[in-house]
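# What would the 3D arrangement of this be:
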Amino acid sequence: MKTAIFKGKGNVVVEERPKPVIKAQTDAVVRVVLACVCGSDLWFYRGIANHPEGPVGHEFIGVVEEVGAQVKAVKKGDFVIAPFAYSDGTCANCKAGFQTACVHGGFFGQGTEGDGGQAEFVRVPYADGTLFTVPSTNVSDGTLASLLTLTDVMGTGYHAAVSAAVKAGDTVAVVGDGAVGLSGVLSAKMLGAERIIVLGSKHEDRHKLAREWGATTTIDVRGDATVKAVMDATDGIGVDAVLECVGSDEANKTAFAIARPGAIVGRVGLPHDVHIDALGTFYRNIGMRGGPAPVRAYMQKLLDAVVRGTINPGKVFDLRTDLDHIAEAYAAMDERRAIKSLVKVSEI
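Residues are numbered from 1 along each chain as shown. Just a heads-up that it's a prediction; the model follows:
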């Protein structure tokens, strides 16, 4: 089968590798229909984070090709959404709604043969606890794209908003205007935020989508200038909730600086060399929640919203290509020519 292989900094290629097979009777093998590139993939692509040479990708939807003897919840031919983390669905952490902390779980795209989502086929451990069946395959290309966002980016944006305890009438700041940050804007609007301030780049395409999804203000400066702009916009108080969707030290410093006393920062950006001021946050009563998003826990709610047409998160994809051109999918995001790259692999 064809699969995307990370070969080192700035180098993702397509190679032929063995098609994955059932290893445990709780496994399923899924034929990938759509995959995509995640902003977090850029950390290893840019050489900032370590990643072994091997298969990559953790966001995919597809059709079940084969199941192990112990799999009961999904069957061959089912159209499924695969969260970026696999989980057994039965441990205490899964039952508490934190499938990304499953005691037997893990994450796709870690360089192991057959586990990369940017491929023609993927082996899914703990299929019953991981895969989420979509009732109908009679959906438009736009809806398919929105379903793909539920594997990670939309669920992660929603997790940021939930973690920050966004509620009706709030003034919310979203740090970052990448795909997760934009999904955070959409999520904050879903939860009733009245004002949504986006702190991001100077890219008008991102600002336009942010405004469409509910942003009331966009700020494109950095550092102290960002903090001043937010404080000026909130009468010197700060915002009621902050969604940190980048993961850099600067983004985190900004997030905690603009939170009003008593606010919570919902952190979903993968942290890299982040240092949080424990004393400063203590005296301002600033809370902190978040982490790898348990998107499986939000799946039904977000799927229902997509099916009803209440949200259309698939609009975050502004580049569409195929598996043979996966290198361009990465390069376009790395160079900020694309917000998020969708990769078509096969037909339903």
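# Helix, strand or coil: sort out the nearest residue to Gly287 once chain neighbours are set aside for me.
Among residues not flanking Gly287 along the chain, Ile264 sits closest, at 3.8 Å (Cβ to Cβ, 6 or more residues apart in numbering). Using the backbone N, CA and C atoms, a C-beta is placed for each residue, glycine as well. The three-state label given to Ile264 by DSSP: H, G, I helix; E, B strand; the rest coil is strand.
# Arg123 now?
With three-state DSSP as the criterion, Arg123 reads strand.
# residues touching it, list them.
For Arg123, the contacting residues are 20-23, 27-29, 114-115, by Cβ atoms under 8 Å, 6 or more residues apart in numbering.
# bridging residues for it?
Val29 (DSSP bridges).
# Taking the contacts of Arg123, please make a PyMOL selection of just the buried ones.
This is how PyMOL selects the buried members of those, with burial counted by 16 or more other Cβ atoms under 10 Å:
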select buried, resi 20+22+27+28+29+114+115
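# Go through the contacts of Arg123 and flag which are in strands.
Among the contacts of Arg123, the residues falling in strands (DSSP state E) are 28-29.
# Please give the element, helix or strand, for the closest residue in space to Ala49 that isn't next to it in sequence.
Leaving aside its chain neighbours, Ala49 sits nearest to Trp43 (3.9 Å; criterion: Cβ to Cβ, 6+ apart). Under the criterion of DSSP states H and E, Trp43 resides in helix 41-45.
# Sheet partners, orientation included, of the helix or strand just after that helix?
Once helix 41-45 ends, the next helix or strand along the chain (criterion: DSSP H and E) is strand 54-55. Here strand 54-55 is paired, per DSSP bridges, with strand 2-8 (antiparallel).
# And the strand it pairs with, what's buried?
Within strand 2-8, the residues scored as buried using 16+ other Cβ under 10 Å are 2-6.
# just stretch 32-52 next, same as before
32-41, 43-45, 51.
# gap between the residue of the chain most remote from its centre and Ile286?
Of all residues in the chain, Asp235 has its C-alpha farthest from the mean position, at 32.6 Å, by Cα atoms, centre = their mean. Using Cβ to Cβ, to the nearest Å, Asp235 is found at 18 Å from Ile286.
# For the lengthiest helix in the chain, what is the distance to the chain centroid?
Secondary structure of the chain per DSSP state H: the longest helix is helix 295-308. Going by Cα atoms, centre = their mean, to the nearest Å, the spacing between the C-alpha centre of helix 295-308 and its chain's C-alpha centre is 14 Å.
# Can you give the distance from the helix or strand that comes right after that helix to the centre of its chain?
Using DSSP H and E, the next helix or strand after helix 295-308 towards the C-terminus is strand 319-322. Relative to the centre of its chain, strand 319-322 is centred 18 Å away, using Cα atoms, centre = their mean.
# Strand 319-322 pairs with which strands, and in what direction?
By DSSP bridges, strand 319-322 pairs with strand 341-344 (parallel).
# which residues sit against the strand or helix carrying Ala173?
For Ala173, the host element (DSSP H and E) is strand 171-175. Residues outside strand 171-175 that contact it (Cβ under 8 Å, 6+ apart): 160-161, 164, 166, 181, 184-185, 188, 193-200, 210, 215, 230, 234, 239-246, 251, 254-255, 258-259, 269.
# Of the residues you listed, which belong to helices?
Going by DSSP H, the helices hold 160-161, 181, 184-185, 188, 210, 230, 251, 254-255, 258 from the contacts of strand 171-175.
# List the residues that contact the residue nearest to Ala49.
49, 270, 272.
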